[in-house]
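> model this:
(one chain, ligands or ions: 1)
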Amino acid sequence: MDLITRGNNVIMETYKRFPLVFDKGQGCVLTDINGKEYLDFMGGIAVNALGYAHPGLMDAMKTQMEKLVHVSNLYWTEPGIELAELLTKESGLDKVFFCNSGAEACEAALKLCRIYGKLKKHQNAVEIIAMDQSFHGRTYGAISATGQKKYQANLEPLLPEIYHVPFNDIEALKAQINPNICGIILEPIQGEGGIHPADPEYLKAVRKICDQENIVLIFDEVQTGIGRSGKLFAYQQYGVVPDVVTMAKGLGGGVPIGGIIAKNHVAEVFTPGTHAATFGGNPFVCATGKYVIETLTAPGFFESVAEKGAYLKSQLEALKKEHPSIKDVRGMGLMIGAEVDGDLGVIVAKAMDKGLLVITAGSNAIRFVPPLIITKEQIDQAVQIFSECL
Ligand SMILES: *Cc1c(COP(=O)(O)O)cnc(C)c1O
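Just a heads-up that it's a prediction; the model follows:
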């Protein structure tokens with residue numbers, strides 16, 4: 001029996017998978033079990049920041065693996081402390097909580113802002129505002145905050161007291177503000193919703209409202225964070241600092257790690273027993289994450305991401321002039337969406353056939369989120385293949 005049939009026999013069908021079985025990867029190229037190579041512009045959905053089989057990353061993993069993979073969070077280990085030191089220093093925020101995924105990071109942030117509301121505002125300060133077209137993950141809290149009905153089908157009743165407003169619409173947000181709001185959660189660049197960046201003025205105005213009303217501002221940077229935007233966090237591009245930032249995808253370079261970083265006045269409402277994660281921040285994933293962050297924050301790395309991202313965007317904009325089916329090119333750094341008028345599934349399948357991996361975002365965009373180590377030559381190759389698929 002072939003592998004895909006065997007897979008379908010035993011693995012739940014929560015994903016509509018492509019009929020591709022990957023065997024190995026090197027740099028930004030993946031190889032399937034038939035030996036066919038693919039240039040990877042989806043990077044495990046913005047996860048594989050350093051590509052595949054990165055020598056330094058593998059060394060960091062091997063070294064830590066041989067020493068210690070897991071002990072309980074009832075004890076201290078050095079890699080977690082070191083990674084948290086790096087993250088707080090680079091983010092300008094104060095305290096880290098480690099977990100294992102993006103949904104869990106959002107879950108931690110939502111719990112944190114509700115506890116904050118109860119303890120630092122009043123007993124009824126439990127309401128949370130989230131954005132239409134947002135995506136925060138699949139756990140019950142995160143899916144309740146997610147602003148896309150298709151992900152919530154048959155899951156009701158959802159977590160109560162979460163209200164959605166249109167993204168980038170400050171008047172709509174203001175209309176929803178009342179003394180019972182404890183938190184606002186948004187993605188600085190909506191990812192799954194179709195690569196929609198926030199307007200800088202909007203984020204500044206949201207920050208001001210949160211300051212005036214003592215509301216916890218949460219930026220979900222699970223996709224935009226860890227260098228994707230050309231800075232460690234996208235908020236550093238905007239110059240607007242949240243009270244809590246979530247992270248996951250790129251942080252472990254492929255191993256499952258997530259977390260939040262919060263300002264002290266918010267972080268302090270988590271006390272022993274309020275929240276936990278058995279695997280969260282174990283020495284193996286933290287040593288791996290530490291290597292990722294050290295590599296990204298080395299001199300010149302973010303500049304190269306910004307430069308390559310601008311190049312990719314300009315090449316797609318040039319393509320837009322030739323192809324009227326491209327309606328818009330959006331995004332920042334190496335998180336770019338091309339809005340295409342056409343059958344996105346057909347485009348993705350054609351690209352795959354020609355050896356290029358891309359995915360969709362929202363209902364109308366093709367998403368380009370390659371490993372951050374992608375080269376200009378590979379960008380040229382990808383844009384060429386994409387052009388042939390239109
Ligand atoms: C992917 C994503 C999540 C969910 O992450 P998981 O690791 O799949 O739970 C949450 N928020 C944003 C913005 C994401 O892009």
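> Against which helices or strands is the helix ranked longest in the chain packed?
In the chain, ranked by residue count with DSSP state H as the criterion, the top helix is helix 301-322. Where contact means 3 or more Cβ pairs under 8 Å, 6 or more residues apart in numbering; DSSP states H and E, helix 301-322 is packed against strand 326-332, strand 335-340, helix 376-389. (Each C-beta comes from the backbone N, C-alpha and C, glycine too.)
> Mean neighbour count and mean pLDDT added to the ones you listed, as a markdown table?
Converted to a markdown table, the helices and strands packed on helix 301-322 look like this (neighbours: other Cβ atoms under 10 Å; pLDDT from 0 to 100):
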| stretch | mean neighbour count | mean pLDDT |
| --- | --- | --- |
| strand 326-332 | 20 | 98 |
| strand 335-340 | 25 | 98 |
| helix 376-389 | 17 | 98 |
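> now the ones you listed as TSV including distance to the ligand?
Listed next are the helices and strands packed on helix 301-322 as TSV, based on distance: least, Cβ to the nearest ligand atom, whole Å:
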stretch	distance to the ligand
strand 326-332	13
strand 335-340	10
helix 376-389	21
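> can you list these in JSON lines and add distance to residue 207?
Putting the helices and strands packed on helix 301-322 into JSON lines (distance: least, Cβ to Cβ, whole Å) gives the following:
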{"stretch": "strand 326-332", "distance to residue 207": "18"}
{"stretch": "strand 335-340", "distance to residue 207": "22"}
{"stretch": "helix 376-389", "distance to residue 207": "34"}
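> Now residue 260: phi and psi?
phi -130, psi 150 (degrees, to the nearest 10).
> I meant residue 234, not that one.
phi -60, psi -30.
> didn't it look like it was pressed against residue 186?
No - using Cβ atoms under 8 Å, residue 234 is not in contact with residue 186; the gap is 11.0 Å.
> Could you look up the SS state of the spatially most central residue of the chain?
Here the mean C-alpha position of the chain is nearest to the C-alpha of residue 223 (Cα atoms, centre = their mean), at a distance of 1.5 Å. Of the three states, residue 223 takes coil according to DSSP: H, G, I helix; E, B strand; the rest coil.
> Count the residues that sit near the closest residue to it other than its chain neighbours.
Of all residues not flanking residue 223 in the chain, residue 191 sits nearest, at 3.8 Å (Cβ to Cβ, 6 or more residues apart in numbering). Using other Cβ atoms under 10 Å, residue 191 has 27 neighbouring residues.
> Identify the residues contacting the residue nearest to residue 140 when sequence neighbours are not counted.
Nearest residue to residue 140 in three dimensions, chain neighbours excluded: residue 159, at 6.0 Å (Cβ to Cβ, 6+ apart). By Cβ atoms under 8 Å, 6 or more residues apart in numbering, the contact list for residue 159 reads 110, 140-141, 144-145.
> Those residues of the chain touching the ligand, which are they?
101-103, 106, 135-137, 187, 191-192, 220, 222-223, 248-249 (Cβ under 6 Å from any ligand atom).
> Quick check: the two most widely separated of those?
101 and 187 (15.9 Å; Cβ to Cβ).
> Who has more neighbours out of those two?
The neighbour comparison of residue 101 against residue 187 (other Cβ under 10 Å) goes to residue 187, with 27 against 20.
> is it true that that one touches residue 228?
No - between residue 187 and residue 228 there is no contact under Cβ under 8 Å: 11.5 Å.
> For whatever residue of the stretch 1-150 of the chain ends up closest to the ligand, grab the count of nearby residues.
Here the residue of the stretch 1-150 of the chain nearest the ligand is residue 102; by Cβ to the nearest ligand atom that distance is 2.2 Å. By the criterion of other Cβ under 10 Å, residue 102 has 29 neighbours.
> can you check residue 345 too?
Using other Cβ under 10 Å, residue 345 has 10 neighbouring residues.
> List the contacts of residue 166.
Residues near residue 166 by Cβ under 8 Å, 6+ apart: 131-132, 172.
> State the pLDDT value of it.
Residue 166 is assigned 98 on the pLDDT scale.
> Show me the beta-bridge partners of the residue of the stretch 251-390 of the chain found nearest the ligand.
Closest residue of the stretch 251-390 of the chain to the ligand, Cβ to the nearest ligand atom: residue 258 (6.2 Å). Judged by DSSP bridges, the bridge partners of residue 258 are residue 99.
> shouldn't it be in contact with residue 247?
Yes - using Cβ under 8 Å, residue 258 makes contact with residue 247 at a distance of 6.4 Å.
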